[in-house]
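Peer 1: Task: produce atomic coordinates for the following.
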Amino acid sequence: MMAVLKKIWPQSLFARLLWVWLMGLTLVLAAAAWLALDERTTRGQVVLHAKLTQELAASADWLDTLSPGQREQWLEDKDQGKRRERWRLEPPKAWSPNANPLPPHIRPLAIYLASELAPRQPLVQHFTPLHDRQRHGDADGHHPERSRGQTWVSLLLADGAQVYVRLPATYPPHGAMGRPGFGSDTHWGLVALTVLVGLALLTWLAVVYATRPLKRMTQAAKDLADHPNQAPLPEDGPLEVRQAAQAFNHMQAQLQRHMAQQTQVLAAIAHDLQTPLTRLRLKTEWVSDEALRQRMQADLSEMQDLVQDGLALARSWHAQPQRQPVHLNQLLQTQLNEWEDLGWAVQIQGADSDCLVNTDVAALRRVLGNVVHNAITYGHRATVTLLCKDPSQPDHWCIVVEDEGPGLPEPDLQTVLQPFVRQESSRNRQTGGTGLGLSIALNLMTALGGRLVLANRAQGGLRVTLSAPR
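Peer 2: Numbers count the residues shown, from 1 in each chain. Coordinates of the predicted model:
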């Protein structure tokens with residue numbers, strides 16, 4: 001069944017929207033037509049009630065002018081004339097002062113008569129005659145769904161006498177039953193409201209249906225900058241959406257291929273530079289001038305560090321996390337021992353509580369090393385705070401690294417995350433480094449599905465926030 005529906009379902013977005021609009025408008029117009037027909041039924045009911053009321057009022061007015069004897073003669077002649085109504089001065093045998101509730105199709109008449117003939121105190125009763133009750137086995141005689149029964153109306157005359165009128169057995173005729181109390185203004189207002197609400201709902205559904213694939217593609221385009229290796233978009237939905245998804249996936253594949261080629265070139269250059277640098281370092285041992293040899297070896301060390309950072313940057317672009325359970329508090333304690341051996345002034349906070357997460361230990365070590373090294377370089381001291389639950393995202397862990405340095409101008413908080421961008425303009429590695437540390441850290445945090453955010457502290461210094469899913 002689903003396969004058949006999938007085949008006949010329109011393929012293009014235009015056809016699907018057109019189908020939704022046509023079917024929806026059909027349903028809305030059908031509802032409006034039903035309400036309009038109901039209005040027509042109600043109008044017909046009012047006309048029938050008005051006509052019957054006029055006849056009853058005219059007959060009652062005529063009876064007011066007659067003496068009791070003349071009334072009996074007139075009523076007898078009226079019955080012999082085979083009029084639709086049957087008049088009598090005595091109540092029928094089934095008449096009861098405490099009558100049961102009227103059937104639904106008789107209630108509108110009772111309401112109308114009570115309103116139009118109020119001085120004559122009209123009372124309407126409906127019951128099934130005795131022979132019908134015996135035939136249907138009814139005891140109370142109030143089963144209009146089994147037998148149509150009889151409807152009687154009592155009217156008060158001017159001298160206090162009562163006259164009883166039996167309505168025709170065919171009253172009210174089929175199709176004239178409706179709801180009492182609804183005028184044309186109410187019905188047509190309801191029709192207009194139904195159309196407006198239906199159109200508004202259809203518009204909303206059409207917009208949601210049309211924009212949902214576009215929102216998905218927009219989010220994928222935003223994520224592409226941070227996650228170039230994300231999974232391709234599903235190529236389903238209407239024809240136009242499938243074509244757009246195919247084009248987006250082709251573009252993403254091309255970008256991934258270009259980035260892979262760029263990474264391979266950078267990695268190859270950095271790797272091939274290792275050999276000549278090693279040879280040069282060996283040759284410096286033959287230099288007899290001690291001061292010259294030390295300067296040459298320092299330059300070679302800078303070049304070798306730059307090559308290693310370049311390799312690390314290339315790898316971080318295509319990092320594939322190897323996740324495993326790790327206690328962040330224990331990891332920070334281990335790192336603290338290494339930092340103290342290097343002579344770094346680092347303080348750890350929040351490491352007394354256990355925090356087990358699933359992450360890449362090697363990548364996280366590299367991130368922490370780069371960020372803390374940056375804090376020591378520019379702020380001389382670093383404070384590392386562990387939060388097992390990020391206040392803004394409870395399902396994320398959070399590590400905050402703060403220093404006491406000069407901080408950064410607001411426009412530079414984002415630019416320093418780009419490769420080869422440093423906080424100071426000199427090319428001296430002792431003061432500025434290579435400008436790759438934060439870039440590598442950002443790429444590794446992105447690969448972990450997390451984020452790296454820079455902000456200035458109110459009391460001075462820089463705050464680096466690391467956060468990733470637990």
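Peer 1: pLDDT value on the most centrally placed residue in the chain, please?
Peer 2: Residue closest to the average C-alpha location in the chain (C-alpha atoms, centre = their mean): residue 208, at 9.6 Å. For residue 208, the pLDDT comes out at 73.
Peer 1: go on, residue 463?
Peer 2: 91.
Peer 1: Count the residues that sit near it.
Peer 2: 18 (other C-beta atoms under 10 Å). Glycine gets a C-beta too; all of them are placed from N, C-alpha and C.
Peer 1: Quick one: residues contacting it.
Peer 2: Residues near residue 463 by C-beta atoms under 8 Å, 6 or more residues apart in numbering: 400-402, 454-457.
Peer 1: Quick check: the residue of the chain positioned farthest from its centre vs residue 91, distance?
Peer 2: The outermost residue of the chain relative to its centre, with distances by C-alpha atoms, centre = their mean, is residue 69 at 79.9 Å. Distance of residue 69 to residue 91, computed by C-beta to C-beta, to the nearest Å: 20 Å.
Peer 1: what does residue 330 give?
Peer 2: In terms of C-beta to C-beta, residue 330 sits 100 Å off from residue 91.
Peer 1: Alpha carbons of the helix or strand hosting the residue farthest from the centre of the chain, in CSV - could you do that?
Peer 2: For residue 69, the element it lies in under DSSP states H and E is helix 68-80. Provided in CSV are the C-alpha atoms of helix 68-80 (Å, rounded to 0.1, in the frame of the first residue of the first chain):
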residue,chain,number,x,y,z
PRO,A,68,-69.1,27.7,23.9
GLY,A,69,-71.8,26.2,21.8
GLN,A,70,-70.7,27.9,18.6
ARG,A,71,-67.1,26.7,19.4
GLU,A,72,-68.1,23.1,19.5
GLN,A,73,-70.0,23.4,16.2
TRP,A,74,-67.1,25.2,14.6
LEU,A,75,-64.5,22.7,15.8
GLU,A,76,-66.8,19.8,14.5
ASP,A,77,-67.1,21.4,11.1
LYS,A,78,-63.3,22.0,11.1
ASP,A,79,-62.6,18.3,11.7
GLN,A,80,-65.1,17.3,9.0
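Peer 1: what packs against that helix?
Peer 2: helix 13-64, strand 86-88 (3 or more C-beta pairs under 8 Å, 6 or more residues apart in numbering; DSSP states H and E).
Peer 1: contacting residues around that helix?
Peer 2: 62-63, 66, 85-89, 161, 163.
Peer 1: Buried ones among those?
Peer 2: The neighbour-count test (16 or more other C-beta atoms under 10 Å) marks 63, 85-88, 163 as buried among the contacts of helix 68-80.
Peer 1: Need the per-residue pLDDT for the residue farthest from the centre of the chain.
Peer 2: pLDDT, read off for residue 69, is 81.
Peer 1: Ok, residue 319 next?
Peer 2: Predicted confidence (pLDDT) for residue 319: 65.
Peer 1: now residue 381
Peer 2: 89.
Peer 1: how near is it to residue 90?
Peer 2: For residue 381, the distance to residue 90 - C-beta to C-beta - is 113 Å.
Peer 1: Repeat that for residue 207.
Peer 2: 71 Å.
Peer 1: Quick check, residue 52 in contact with residue 167.
Peer 2: Yes. Contact criterion C-beta atoms under 8 Å: residue 52 and residue 167 qualify, at 7.5 Å.
Peer 1: Can you tell me which of the helices and strands packed on helix 68-80 has the worst average pLDDT?
Peer 2: helix 13-64 (a mean of 72).
Peer 1: Pull out the buried residues from stretch 452-470.
Peer 2: 452, 454, 461-468, 470.
Peer 1: okay, among those residues, which ones form the most distant pair?
Peer 2: 461 and 470 (27.7 Å; C-beta to C-beta).
Peer 1: what's the weakest-modelled helix or strand in this protein?
Peer 2: helix 130-136 (a mean of 49; mean pLDDT, DSSP states H and E).
Peer 1: C-terminal to that helix, what's the next element?
Peer 2: Counting by DSSP H and E, what follows helix 130-136 is strand 150-156.
Peer 1: Could I have the CA atoms of that next one written out in CSV?
Peer 2: This file holds the C-alpha atoms of strand 150-156, laid out as CSV (Å, rounded to 0.1, in the frame of the first residue of the first chain):
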residue,chain,number,x,y,z
GLN,A,150,-48.6,12.8,17.8
THR,A,151,-47.7,16.3,18.7
TRP,A,152,-50.4,18.4,20.5
VAL,A,153,-50.5,22.1,21.4
SER,A,154,-52.7,23.6,24.0
LEU,A,155,-53.7,27.3,23.7
LEU,A,156,-55.5,29.5,26.3
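Peer 1: Distance from the chain centre to it, please.
Peer 2: Here strand 150-156 is found 59 Å from its chain centre; the criterion is C-alpha atoms, centre = their mean, to the nearest Å.
Peer 1: Helices of the chain, start to end?
Peer 2: 2-8, 13-64, 68-80, 107-116, 130-136, 184-226, 239-284, 290-317, 328-341, 361-379, 412-415, 437-447 (DSSP state H).
Peer 1: Of those helices, flag the one that's most buried.
Peer 2: helix 437-447 (a mean of 23; mean count of other C-beta atoms under 10 Å).
Peer 1: For it, give the mean pLDDT please.
Peer 2: 83.
Peer 1: I'd like to know which elements that helix is packed against.
Peer 2: The elements that helix 437-447 packs onto, with contact taken as 3+ C-beta pairs under 8 Å, 6+ apart, are helix 290-317, helix 361-379, strand 451-456.
Peer 1: the inter-axis angle of that helix versus helix 184-226?
Peer 2: 130 degrees (axes from the mean of the first three to the mean of the last three C-alpha atoms, to 10 degrees).
Peer 1: returning to that earlier point: flag whichever of the contacts of residue 463 scores worst on pLDDT.
Peer 2: residue 457 (88).
Peer 1: if I pick that one, what's in contact with it?
Peer 2: 402, 407, 463.
Peer 1: Check the residues you listed against residue 114 and report the nearest one.
Peer 2: residue 463 (80.9 Å).
Peer 1: where's that closest one relative to residue 372, distance?
Peer 2: Using C-beta to C-beta, we find residue 463 at a distance of 13 Å from residue 372.
Peer 1: Give the residues shared as contacts by those two.
Peer 2: What both residue 463 and residue 372 touch, as defined by C-beta under 8 Å, 6+ apart, is the set residue 401.
Peer 1: Quick check: can you list the domain ranges of this structure?
Peer 2: Using automatic domain parsing, the domain ranges for the chain come out as 10-185, 227-318, 321-469.
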